[in-house]
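Visitor: Have a look at this prediction, sequence included:
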Amino acid sequence: MSEEKGVKHLIQFREITKNDQAMYLSMAADFYASDAVLFHVDDSHFKAAFNELMRSDEYLECFIFEYDGKTAGYALLCKTFSQEAGGMALWIDELYVLPAFRSKGIGHAFFDFLFQQKGSDYKRFRLEVEKENERAAALYQKMGFDFLAYEQMIKDRK
């Protein structure tokens, strides 16, 4: 629940289902068209992720955000073992709230949900944020995240 101007709103998080495919693909495309990401991602990658989500939750999990029964966003979570953390680590790979639902407490409520549901299973929660995305960074810091001094490097295979 969140409260906005004296009105209570219902915020819920549920696991993605095959019926969410069109909405998920649309939201993923919107996310990757935003300033929150550095690189263009081909639509085929969204379909591959959705197919993996339908196959298993071994490596990847997705939660759909709902606000008063309407789809409001999603979070894509990746699982890995971290020797540095001494156990399992959960990478919050994508967290996207549709523009019409921003500043309604959904992100904060999702982290509360995530820590309550997954807190005992993971030694580390990790995410990325663009330096220019000050609102997101402020939320993440409020939720207990700290900046790492690491520079990231990648090598993509085509």
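Guide: Received the coordinates, thanks. Numbering: from 1, shown residues only.

Visitor: In this structure, what residue spans correspond to helices?
Guide: For the chain, helices defined by DSSP state H occupy the ranges 21-32, 43-55, 106-118, 134-142.

Visitor: Among those helices, which comes closest to residue 67?
Guide: With CB to CB as the measure, helix 106-118 is the member of the helices of the chain nearest residue 67 (6.3 Å). In this view, the C-beta of every residue, glycine as well, is placed from N, C-alpha and C.

Visitor: any idea of the angle that closest one forms with helix 134-142?
Guide: Angle, helix 106-118 to helix 134-142, by axes from the mean of the first three to the mean of the last three CA atoms, to 10 degrees: 30 degrees.

Visitor: Show the contacting residues for the closest residue in space to residue 21 that isn't next to it in sequence.
Guide: Leaving aside its sequence neighbours, residue 21 sits nearest to residue 50 (CB to CB, 6 or more residues apart in numbering; 5.8 Å). Applying CB atoms under 8 Å, 6 or more residues apart in numbering to residue 50 gives the contacts 16, 21, 24, 25.
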